[in-house]
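Trainee: After the sequence you'll find the predicted model.
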Amino acid sequence: MASARAAARNVLHLVRTAPAAFVRHYRARHPHPVTELVHPPHPYSRALGLVAVVLLGAWLGLLIVGSVRVPVGPMDTQMTLRPSLTGGTKINVSPLGALELDSHTAPLRLDVDVDSLDPDRARALVDHPERIAGLQDEVTRDVQAGTLDLALRSCVAVVLGAAALGLVVYRRPRRALAAGGTALALLVICGATAFATWNPKSVLEPRFSGLLSSAPSVVGNARSIVSEFDAYQKELARLVTNVTKLYDATSTLPTYAPDPSTVRVLHVSDIHLNPASWHIIASLVEQYEIDVIIDSGDTMDHGTAAENGFLDPIEDLGAPYVWVRGNHDSLTTQRYLERLKNVHVLDEGRTVTVGGLRVAGIGDPQFTPDRSVVARGDPAERTAGSFLAGSLRVQRALGAPVDIAVAHNPVAARQTDGQVPLVLAGHVHHPKTEQLPGGTRLRIEGSTGGSGLRAVEDEEPDPVSASVLYLDRTTKRLQAWDEIRLGGLGLTTAEVSRHVPQENEPGATPSSPDGSPAP
């Protein structure tokens, strides 16, 4: 009993004099398990969560605040920064479509919406034509001021959006400030990337895409294509007319603008019995003031005499028509075309001067719809191309060099390398441009008939393709070309893209008409 009292006095004394030591002594003799209720988050998970909050908050900030209304010349526009995987600049001209420029590569895209034309400012230009001379400088100043205002507003919107969302999610001011700072850093990195990848030459090759909202939905299925084909082709022709009108208004580019001294050639190919093609070609001839139409073959599908009536509209297209035979065109087709007025049929290296240009061509040596004859393949094409190249050499030796050569198959066209500045072909139904080793430029056209009856074989119809080539009237050198691409059967979309040869870009070394560098 006495020992128990002594032990109790010792415990009380220890509690009074050294409570901390007593606690340690007690815990050492009577350990208790400690249950951890909340696992601390992994550092990587915490960082990913913060990045997600920053990106979402920045996007919401741009969506709510990050846009400015800017008057640009006589137009009222709205400029906006949008997240994007490819960057670039998109100018929306409602309701006809958009002009796209590969101006920069960054996760931000500049959208410019042309809302309306201010009647007062437009009337001022009409009443005072002398102001048009200074319109380009005025537009430049307006765009620069609008871009600076948009950059400042976007910075504020991104930082505030990320910080506000961070405060809502984390409920801690320090984490909200971290989110805002991270957003600002990301925006600076994006801006630096855009500045480093800025491409001032992007204006040389714009892409115009348009969908006429006023055009009715003419085609929905194969049945309506058949029953309403007349309405369809008229709407498609009207689509081309409206799109090219708008494109003409936007094609006054600073480094190249077609002028009356330029020869304009419309290159078509592989029509394949599509009657809508004649409406499209006639519209392009009118809108672009075409001097010469060059058809690189496969106008027909089976080359029978029953198909010949399909060719009659050629006489009324409004421009001289130069044609070479394709592998779906027969000699019957060729003889029928030779009797039509305003048509120049080229074969066996024959040369014709039309629109101020000397053009030589050769027909395809093979007629593939004839199953009784085994196709001879590329060797026959190379032989025909070599024959055309020999004709070109003869013309040059006689002091009358050819400006453009034409063959249906690209295999044959490549044989003319070094003998002519420009050679045109078709056959493959996909547009392409090549600079051959000898200096000749090969332009392969797509299908101006949208592959004709084959358009519905795949899930997506083949597009309708044509090109407008601009050649200098004096040197006969290619200055630029416009690729025109229309939605195929059942589609009413259009895209026009401008391309300028590298030797014609600012600061480049000019080349001679035969493609070699000028002295």
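Mentor: Yep, that arrived. Numbers count the residues shown, from 1 in each chain.
Trainee: Mind telling me what element Cys190 is part of?
Mentor: With elements taken from DSSP states H and E, the one containing Cys190 is helix 173-196.
Trainee: From what I see, Lys90 and Val114 are in contact.
Mentor: No: checked against CB atoms under 8 Å, the pair Lys90 and Val114 is beyond contact range at 11.3 Å. Where you see a C-beta, it was placed from the backbone N, CA and C, and this is true even at glycine.
Trainee: Any figure for the gap between Ala106 and Val51?
Mentor: 18 Å (CB to CB, to the nearest Å).
Trainee: Determine the longest helix present in the chain.
Mentor: When the chain is scanned for its longest helix (criterion: DSSP state H), the result is helix 135-170.
Trainee: tell me the angle that helix makes with helix 173-196.
Mentor: Angle, helix 135-170 to helix 173-196, by axes from the mean of the first three to the mean of the last three CA atoms, to 10 degrees: 150 degrees.
Trainee: What are the buried residues along helix 135-170?
Mentor: Using 16 or more other CB atoms under 10 Å as the test for burial, helix 135-170 gives 138, 142-143, 146-147, 150, 153-155, 157-167, 169-170.
Trainee: ok so, going back, okay, Ala106 and Val51: which has more neighbours?
Mentor: With neighbours defined as other CB atoms under 10 Å, Ala106 and Val51 compare such that Ala106 has more, 22 against 13.
Trainee: hang on, the earlier thing: send the alpha carbons of the helix holding Cys190 over as PDB?
Mentor: Only the C-alpha atoms of helix 173-196 are listed here, as PDB (Å, rounded to 0.1, in the frame of the first residue of the first chain):
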ATOM      1  CA  PRO A 173      -5.800  33.300 -52.400                       C
ATOM      2  CA  ARG A 174      -2.200  32.000 -52.800                       C
ATOM      3  CA  ARG A 175      -3.300  29.300 -55.200                       C
ATOM      4  CA  ALA A 176      -5.500  31.800 -57.100                       C
ATOM      5  CA  LEU A 177      -2.500  34.100 -57.600                       C
ATOM      6  CA  ALA A 178      -0.400  31.100 -58.800                       C
ATOM      7  CA  ALA A 179      -3.100  30.200 -61.400                       C
ATOM      8  CA  GLY A 180      -3.100  33.800 -62.600                       C
ATOM      9  CA  GLY A 181       0.700  34.000 -62.800                       C
ATOM     10  CA  THR A 182       0.800  30.700 -64.700                       C
ATOM     11  CA  ALA A 183      -1.800  31.900 -67.200                       C
ATOM     12  CA  LEU A 184       0.200  35.100 -67.800                       C
ATOM     13  CA  ALA A 185       3.400  33.000 -68.400                       C
ATOM     14  CA  LEU A 186       1.600  30.700 -70.800                       C
ATOM     15  CA  LEU A 187       0.200  33.700 -72.700                       C
ATOM     16  CA  VAL A 188       3.700  35.300 -72.900                       C
ATOM     17  CA  ILE A 189       5.100  32.000 -74.300                       C
ATOM     18  CA  CYS A 190       2.200  31.800 -76.900                       C
ATOM     19  CA  GLY A 191       2.900  35.400 -77.900                       C
ATOM     20  CA  ALA A 192       6.600  34.800 -78.300                       C
ATOM     21  CA  THR A 193       5.900  31.700 -80.400                       C
ATOM     22  CA  ALA A 194       3.500  33.600 -82.600                       C
ATOM     23  CA  PHE A 195       6.100  36.400 -83.000                       C
ATOM     24  CA  ALA A 196       8.900  33.900 -83.800                       C
END
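Trainee: contacts for it?
Mentor: With contacts defined as CB atoms under 8 Å, 6 or more residues apart in numbering, helix 173-196 is touched by 50-51, 53-55, 57-58, 87, 104-108, 151, 154-155, 158-167, 169-170.
Trainee: give me that answer again for 7 Å
Mentor: Residues outside helix 173-196 that contact it (CB atoms under 7 Å, 6 or more residues apart in numbering) are 50, 53-54, 57-58, 87, 104, 106-108, 155, 158-159, 162-163, 165-167, 170.
Trainee: Dump the helix or strand hosting Val394 to CSV, restricted to CA.
Mentor: Following DSSP H and E, one finds Val394 within helix 378-397. Taking Å, rounded to 0.1, in the frame of the first residue of the first chain, the C-alpha atoms of helix 378-397 are listed here in CSV:
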residue,chain,number,x,y,z
ASP,A,378,3.8,4.1,-119.0
PRO,A,379,6.3,3.1,-121.8
ALA,A,380,3.8,4.3,-124.4
GLU,A,381,3.3,7.6,-122.4
ARG,A,382,7.1,8.2,-122.2
THR,A,383,7.4,7.6,-126.0
ALA,A,384,4.6,10.2,-126.7
GLY,A,385,6.2,12.6,-124.3
SER,A,386,9.6,12.2,-126.0
PHE,A,387,8.0,12.9,-129.3
LEU,A,388,6.4,16.1,-127.9
ALA,A,389,9.8,17.2,-126.5
GLY,A,390,11.4,16.7,-129.9
SER,A,391,8.8,18.9,-131.4
LEU,A,392,9.5,21.6,-128.8
ARG,A,393,13.2,21.5,-129.7
VAL,A,394,12.5,22.0,-133.3
GLN,A,395,10.3,25.0,-132.6
ARG,A,396,13.0,26.5,-130.5
ALA,A,397,15.6,25.9,-133.3
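Trainee: Next SSE downstream of it?
Mentor: strand 404-407.
Trainee: Following element in sequence after that next one, please.
Mentor: With elements assigned by DSSP H and E, the helix or strand that comes after strand 404-407 is helix 410-413.
Trainee: what comes into contact with that following helix?
Mentor: The contact list for helix 410-413 (CB under 7 Å, 6+ apart) reads 362, 378, 381-382, 384-385, 388, 407, 423, 425, 427-428, 442, 444.
Trainee: Would you tell me which one of those comes nearest to Ser261?
Mentor: Closest approach to Ser261 among these (CB to CB): Val423, at 23.7 Å.
Trainee: Pull the number of nearby residues for the closest residue to Leu388 other than its chain neighbours.
Mentor: Distance criterion CB to CB, 6 or more residues apart in numbering; nearest residue to Leu388, sequence neighbours excluded, is Ile362 at 4.4 Å. When neighbours are defined as other CB under 10 Å, Ile362 has 27 of them.
Trainee: try Leu357
Mentor: Neighbour number of Leu357 under other CB under 10 Å is 20.
Trainee: For beta bridges, what are the partners of Val345?
Mentor: When bridges are called by DSSP bridges, Val345 pairs up with Trp323.
Trainee: and it, what pLDDT?
Mentor: The model reports Val345 with a pLDDT of 97.
Trainee: Just give me the neighbour total for it.
Mentor: 21.
Trainee: Go ahead and confirm it touches Thr333.
Mentor: No: with contacts counted by CB atoms under 7 Å, Val345 stays clear of Thr333, the gap being 9.7 Å.
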